[in-house]
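Colleague: One predicted model, sequence on top.
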Amino acid sequence: MKTKFLLLGFCHLFVIGILSFVILSSPAHALSLNIDPSNINVILKPGETKDGEILVQNLGGSKIGIKAYTEDWIYSSDGSKVFMRSGSSVYSCSSWIKLDPEKFDLSSKESKKVKYTITSPGNASGGHVSVIFFESVINSIEGIAVSGRIGAIIYQNTEGDIKRSGEIKEFSVQASEEGQPINIKISFNNNGNSHIFAKPSIKILDGGKTAFETQAMNMNTLPGDTKVSTITIKQPLKEGNYKAQVELKYDDKTLKSQSDFTIKKSIQK
């Protein structure tokens, strides 16, 4: 998967980039960088070493200097990634990663392969994560510095010691009047030792027949995380008794839960 960013800059602009983004300003100060891949999954035995490469491309019109380094990350409550200093997280594998080269220049339209080497400690267990950032700076003749960084997310698992398990802690429906939106709350807890990407699907049953169904956004978690999502369903429902069902799928597992709710008759004022 390729990832690209474009910065059109102001003085001392600094942006973290995992997905594509654009900031508008003078094209003379354009900074455009692409990496491939942007997500890396590695399975390592304790004590094992594996190598790989990340292609870094300068798509802009100016020569840039690039610095490569690692950081940790965790999920915030809204599901976005929060980046922090290497070694800050208990699930960090940043210190296991060596990069070559760590600093280099790229002329306009030039590309370079950066080698990463990941060595798992002899006592490694479970899953770990990191991010390899590529930070770039371009200096214009007017003295304006435009900078940005783009990252490749690392997911590491220890062969023979991966326990992906989770549970639905809560599944509830906020009842409402007929014709009004309803809110469904899902709480998922990752009680395993590796990351989980859980895919929720929801059905609303009316007397055993499907009245509505939808797919919700992934509930991504690291070990110990509890992810809470609220899904608003705007499909109008008539007065009556209903049953909501959820299926959370990850790997080859499916978690299920259900909740009964009642839609009240609308009161006209």
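Modeller: Looks like it arrived, so ask away.

Colleague: which secondary element of the chain has the worst mean pLDDT?
Modeller: Lowest on mean pLDDT, DSSP states H and E among the helices and strands of the chain sits strand 22-23, with a mean of 30.

Colleague: Would you tell me what the next helix or strand after that strand is?
Modeller: Counting by DSSP states H and E, the next helix or strand C-terminal to strand 22-23 is strand 30-36.

Colleague: The closest residue in space to residue 159 that isn't next to it in sequence: how many residues sit nearby?
Modeller: Excluding the flanking residues, the one nearest residue 159 by Cβ to Cβ, 6 or more residues apart in numbering is residue 45, at 4.7 Å. C-beta here means a position set from N, CA and C on the backbone, and glycine is covered the same way. Residue crowding around residue 45 was assessed by other Cβ atoms under 10 Å; the count is 14.

Colleague: give me every residue that touches residue 45.
Modeller: 120, 158, 159, 160 (Cβ atoms under 8 Å, 6 or more residues apart in numbering).

Colleague: Select only the buried ones of those in ChimeraX?
Modeller: This is the ChimeraX syntax for the buried subset of these, where burial follows 16 or more other Cβ atoms under 10 Å:
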select :120,158
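
Colleague: between the contacts of residue 45, which is nearest residue 240?
Modeller: Looking at the contacts of residue 45 and their distance to residue 240, the nearest is residue 158, at 50.5 Å (Cβ to Cβ).

Colleague: If that closest one is in a bridge, with which residues?
Modeller: Residue 158 has these beta-bridge partners by DSSP bridges: residue 44.

Colleague: show me the residues around it that make contact.
Modeller: 43, 44, 45, 46, 120, 124, 125, 126, 127.

Colleague: what about burial for these, which qualify?
Modeller: Buried, going by 16+ other Cβ under 10 Å: 44, 120, 124, 126, 127, out of those.

Colleague: Right, I'll leave it there.
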